[in-house]
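# Here is a sequence together with a model predicted from it:
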Amino acid sequence: MISSDSRLIRLIAGRYRELQGWGTVANAGFLPLMAAAVREPSPTRIVMWIAAFGAYAIVWDLWFRLKIERYYATRFGRVGGAESFSTHPGVEYGFIGFFFVALLFDQQAPPLALGAYIMMAALTCPFAWIVVRDWPHRGHWLLPVAVGASSGLRLLSVVTPADLRDWEVLVCVAGSLAIAAAGLLDHRLLAKTLTAGAAEHVPAAQHPSA
Amino acid sequence: MSRIPASFGSDQALLVRGSNNGTEPMNTPFEYLQSLNRLVHEPARLAILVALSACDKADFLFLLNITGLTKGNLSSHLSKLADAGLVEIEKKFEGKTPVTYAKLTLEGKEAHKEYWESVDKVRTGIKQLKPLRTT
């Protein structure tokens, strides 16, 4: 079915980079690495996981990101725009790195659970904002929001440092799956809209900013 | 601008009486409809402008995909918009690939904004219409 939604056209054109879902899926790959590092009790082996995390970040930035950008450019076209602060790759990496350090800090200094609270906030607030801002087209971002909210409830039952570690591993894995699924659905939205032609008819009464 | 087209017929003409008791001249929804920029009002061109208004610039392939037009149609609509000064066309090479970008000009942004303002006025005007008395 061909959409006739002028708000959808604005969404696709205005958030083209954000909607490139394979990039989101690759970003979600950082979370299982965090889970592996958090699960590792030995400090020497933690270093190994940190190195793996860094290597993944380098491969992602120097190779995979460029591949993904080229894929979308040749398949769906190029859209230029002033990159906003929140979508700049440097901000994403900074955020992921901070997140990682906070989780490791939790393992060294229990029972502060700083990383746990950051993780909960990171899984709910930004994604809830995406849902509200781009409703109804990006309602699938409720998946990580649901993971964040349910993990908050589960955090109440955490008592010992071992419980906290299990909780963090579980949330990293569940959060990663939820973000990857939302990324795939973003990709589907982009592919479906740009294959069908979102604007075969644009009703004049449909104000894009309404 | 104040004249109502004959094609609307007498019944439609009565419809444009608003609720200001005739004390001040009012712009009717039909007048606003008449004032819509025809160049922008065409659905395919409107779709192009809506897409370009949400980003800095977009290439031909993206516009082709998002509008669902054929290459020839898109090219023709872009030429009309460019001739009217609403869109700027930029051709360049990215690596070895030739890319044609379209970008809204200041006039284009203004025309697009004015178009939606007129549509809003039409909508508001229609909401203010009173039902006709038939007896």
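The structure has been received and is ready for your questions.

# which residues touch the nearest residue to A:A181 once chain neighbours are set aside?
Closest residue to A:A181 apart from its sequence neighbours, by CB to CB, 6 or more residues apart in numbering or on different chains: A:L143 at 5.6 Å. C-beta: built from backbone N, CA, C; applies to glycine. The contact partners of A:L143, by CB atoms under 8 Å, 6 or more residues apart in numbering or on different chains, come to A:178-179, A:181-182.

# Quick check: the gap between A:L143 and A:P32.
To A:P32, A:L143 is 17 Å away according to CB to CB, to the nearest Å.

# Ramachandran angles for the nearest residue to A:V79 once chain neighbours are set aside?
Leaving aside its sequence neighbours, A:V79 sits nearest to A:Y16 (CB to CB, 6+ apart; 4.1 Å). With angles defined as degrees, to the nearest 10, A:Y16 sits at phi -60, psi -40.

# which regions of the chain lie under the pLDDT threshold?
Just going to use chain A. In the predicted model, chain A carries pLDDT under 70 at residues A:1-4, A:41, A:81-95, A:104-113, A:196-210.

# looking at chain B here, not the other one
B:1-27, B:135.

# Taking it, what residue is nearest to chain A?
Per CB to the nearest CB, B:G68 is where chain B lies closest to chain A, at 1.7 Å.

# Quick check: the gap between that residue and A:L11.
On the measure of CB to CB, B:G68 and A:L11 end up 16 Å apart.

# beta partners of B:L104?
Per DSSP bridges, the residues bridged to B:L104 are B:V87.

# So which bits of chain B are right by chain A?
Contacts of chain B with chain A, taken as CB under 8 Å from any CB of the partner chain, map to B:36, B:41, B:43-44, B:46-47, B:50-69, B:94, B:99, B:101, B:116, B:119-120, B:123.

# Just the buried subset of those, please.
Buried members of the residues of chain B next to chain A, scored by 16 or more other CB atoms under 10 Å in any protein chain shown, are B:36, B:43-44, B:46-47, B:50-55, B:57-69, B:99, B:101, B:116, B:119.

# out of the residues you listed, which are inside helices?
Residues of those located in helices (DSSP state H): B:43-44, B:46-47, B:50-53, B:60-67, B:116, B:119.

# Not counting its neighbours along the chain, what's nearest the residue most central in space within chain A?
The centre of chain A sits closest to A:I179, judged by CA atoms, centre = their mean, with a distance of 4.9 Å. In this structure, A:I179 finds its nearest non-sequential neighbour in A:A28, 4.1 Å apart by CB to CB, 6+ apart.

# any residues touching the helix or strand containing A:A26, and which ones?
A:A26 is located in helix A:21-28, with elements delineated by DSSP states H and E. Here helix A:21-28 makes contact (CB under 8 Å, 6+ apart) with A:17, A:60, A:64-65, A:68, A:71, A:92, A:96, A:175-177, A:179-180, A:182-188, A:190.

# Those residues in strands, which ones?
Using DSSP state E, the subset of the contacts of helix A:21-28 located in strands is empty.

# Please indicate which of the residues you listed are buried?
Here, 16+ other CB under 10 Å leaves A:17, A:60, A:65, A:68, A:92, A:96, A:175-177, A:179-180, A:182-187, A:190 buried among the contacts of helix A:21-28.

# what inclination does the longest helix that chain A contains have with respect to helix B:60-67?
If you go by DSSP H, chain A has its longest helix at helix A:161-196. Angle of helix A:161-196 versus helix B:60-67, following axes from the mean of the first three to the mean of the last three CA atoms, to 10 degrees, is 90 degrees.
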